[in-house]
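K.L.:
Need coordinates for the below:
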Amino acid sequence: MPADDHQIRLGGRQVGRAGAGGVPGAHGCSDVDLGGSGAHQSAEPALGVGALGARTGNPPAPACRGRRFVCLGRGNVTDPPPASLVAHVAGPFDRSAVPEGHTIYRQAREHNHTLRGYAVRADSPQGRFAAGAALIDGRTLLRAEAVGKHLFHQYDGQLWLHVHLGLYGEWRTGTPPFPPARGALRLRLWTENVWWELRGATACEVLTRPEVTAIRNRLGPDPLRRNADPDRVYARLGRSRAPIAALLMDQSVLAGVGNVYRAELLFRHGIDPHRPGRDVSPEQWAAMWIDLVTLMRDGVRRGRIVTTRPPYRRRSRVYVYRRTGEPCLVCGTPVRTQTLLARNLFWCPVCQPHSATTGDGSGTGAW
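P.N.:
Below you'll find the predicted structure:
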């Protein structure tokens, strides 16, 4: 098996591979656990501050003079990023949605590149997280890891920082000195080489190992992890009467998938979002899983979600997401939308017909 392929197994048998073939320009990765030493390396410019090594000193906080910075999670680059730090900036349609798994994996990788192995200073200018920041202040970051939409920092002393960005959270980063502390600045992390600022997160807390384990245990398989088991997903999905669109967004069924990947995956496989999960065949789910792994890996590599094939990509990098009323890229039918469990669905009623159950693993083959 080529090193950049990842075998996909369902029901104990190999059903395919996720790798270079799924998305033009994408490449697979046998280890997408970006917290470890086997982290997937993007073809983009390397991010970091040089070779990582343990630092024992705790330098004072840099002076608060404004410097260039970049934003991860929701915002835009407010000024070109420093040459010493290249970071992902969320795409335009990511700003009004909860960041999906690929974004959190990139953040974990960037935190590992810039903070891992260093004694990290921490404070909470807002004051809301002052006690938690004090617990990790000066501790060495051993590892940053993404699991679904959750980011974990493991520090020495058996302490973990847990962050879930939610809808409004964002990380900003740059090189010292700090910009002035403004707004609801929940957490600030820094070394002598880099600073990170966290605002607006749904969760920001310091946990023990059992508490981290409890969070991980309530999550479904994450398509970006090598040990993810599609059988576990189908065991829930294949017996449920709930709409497939709702199941794909249930983080206890499948971790890391959000509204963009949901809409695009269902379109690419010609599946009506209202179809009950139990009406999705094992073969269809096997094909969807392979496609999802490839798309999400491509999202990690690119730093944005691109789901369209090259013939359609000049018009849009997504098929249906947030394209309500616009013509379907494939058939020209207006894209429809509807609210399901407080989130908007997007689909094409022709390419994803209500009665489509081909059973061949590819839906109507609309994409």
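K.L.:
After the strand ranked longest in the chain, which helix or strand is next? Please name it.
P.N.:
Across the chain, the longest stretch assigned as strand under DSSP state E is strand 139-147. Under the assignment DSSP states H and E, the closest C-terminal helix or strand after strand 139-147 is strand 150-155.
K.L.:
In its sheet, which strands sit next to the helix or strand just after that next one, and in what direction?
P.N.:
Counting by DSSP H and E, the next helix or strand C-terminal to strand 150-155 is strand 159-164. Sheet neighbours of strand 159-164, with direction, are listed as strand 150-155 (antiparallel), strand 203-207 (antiparallel) (DSSP bridges).
K.L.:
would you turn those into JSON lines with mean neighbour count?
P.N.:
From N, CA and C alone the C-beta is placed, and that goes for glycine too. JSON lines is the format used below for the strands paired with strand 159-164 (neighbours: other CB atoms under 10 Å):
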{"stretch": "strand 150-155", "mean neighbour count": "23"}
{"stretch": "strand 203-207", "mean neighbour count": "17"}
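K.L.:
Looking at these, which is nearest to V233?
P.N.:
Minimum separation from V233 across the strands paired with strand 159-164 (CB to CB) falls at strand 150-155, 17.6 Å.
K.L.:
got the CA positions of the closest one in PDB?
P.N.:
C-alpha atoms of strand 150-155 as PDB (Å, rounded to 0.1, in the frame of the first residue of the first chain):
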ATOM      1  CA  HIS A 150     -12.200  19.900  20.200                       C
ATOM      2  CA  LEU A 151      -8.600  21.100  20.800                       C
ATOM      3  CA  PHE A 152      -6.600  19.700  23.600                       C
ATOM      4  CA  HIS A 153      -3.200  20.900  25.000                       C
ATOM      5  CA  GLN A 154      -1.400  18.500  27.200                       C
ATOM      6  CA  TYR A 155       0.900  20.200  29.700                       C
END
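K.L.:
average pLDDT for it?
P.N.:
Strand 150-155 shows a mean pLDDT of 98.
K.L.:
Now do that strand against strand 139-147, angle only.
P.N.:
Put simply, strand 150-155 runs at 160 degrees to strand 139-147, going by axes from the mean of the first three to the mean of the last three CA atoms, to 10 degrees.
K.L.:
Now do strand 150-155: everything it contacts.
P.N.:
The contact list for strand 150-155 (CB atoms under 8 Å, 6 or more residues apart in numbering) reads 35, 104, 107-108, 111, 115, 120, 136, 139-146, 160-165, 203, 212, 215, 219.
K.L.:
Can you say which of those are buried?
P.N.:
Buried members of these, counted by 16 or more other CB atoms under 10 Å: 35, 104, 107-108, 111, 115, 120, 136, 139-146, 160-165, 212, 215, 219.
K.L.:
Give me the nearest residue to the residue most central in space within the chain, chain neighbours excluded.
P.N.:
By CA atoms, centre = their mean, the chain has its centre lying nearest to G101, at 1.9 Å. In space, and not counting its chain neighbours, G101 is closest to G256: 2.6 Å by CB to CB, 6 or more residues apart in numbering.
K.L.:
residues contacting G238?
P.N.:
277-278, 280, 282, 285.
K.L.:
Tell me the spacing between V280 and T307.
P.N.:
V280 sits 19 Å away from T307, taking CB to CB, to the nearest Å as the criterion.
K.L.:
can you check R218 too?
P.N.:
To T307, R218 is 28 Å away according to CB to CB.
K.L.:
more crowded one of these two?
P.N.:
T307 (25 against 10; other CB atoms under 10 Å).
K.L.:
Looking at that one now. What's its pLDDT?
P.N.:
Looking at T307, its pLDDT reads 95.
K.L.:
helix, strand or coil for it?
P.N.:
Following DSSP: H, G, I helix; E, B strand; the rest coil, T307 is assigned to coil.
K.L.:
Please list all residues in contact with it.
P.N.:
Counting by CB under 8 Å, 6+ apart, T307 touches 23, 264, 267-268, 295, 317-319.
K.L.:
Quick check, pLDDT for P334.
P.N.:
In this model, P334 carries a pLDDT of 97.
K.L.:
can you tell me which residues contact it?
P.N.:
Contacts of P334 by CB under 8 Å, 6+ apart are 325-328.
K.L.:
For the stretch 51-200 of the chain, which segments are assigned as helices?
P.N.:
101-115, 130-136 (DSSP state H, counting those that start in this stretch).
K.L.:
what's the closest of the ones you listed to V233?
P.N.:
For the helices of the stretch 51-200 of the chain, distance to V233 was read as CB to CB. The smallest value, 13.8 Å, belongs to helix 101-115.
K.L.:
Show me this protein divided up by domain.
P.N.:
Using automatic domain parsing, the domain parsing of the chain gives 6-30+226-347, 69-217.
K.L.:
any chance of these in CSV, plus distance to H354?
P.N.:
Putting the domains of the chain into CSV (distance: least, CB to CB, whole Å) gives the following:
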stretch, distance to H354
domain 6-30+226-347, 5
domain 69-217, 26
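K.L.:
who wins for proximity to P353 among those domains?
P.N.:
Closest approach to P353 among these (CB to CB): domain 6-30+226-347, 6.4 Å.
K.L.:
how much space between G270 and V280?
P.N.:
Counting by CB to CB, the gap from G270 to V280 is 12 Å.
K.L.:
cool, T339 as well?
P.N.:
Remark: distance between T339 and V280 (CB to CB) = 22 Å.
K.L.:
out of the two, which sits in the more crowded spot?
P.N.:
More neighbours surround V280 than the other of T339 and V280, with 23 against 8 (other CB under 10 Å).
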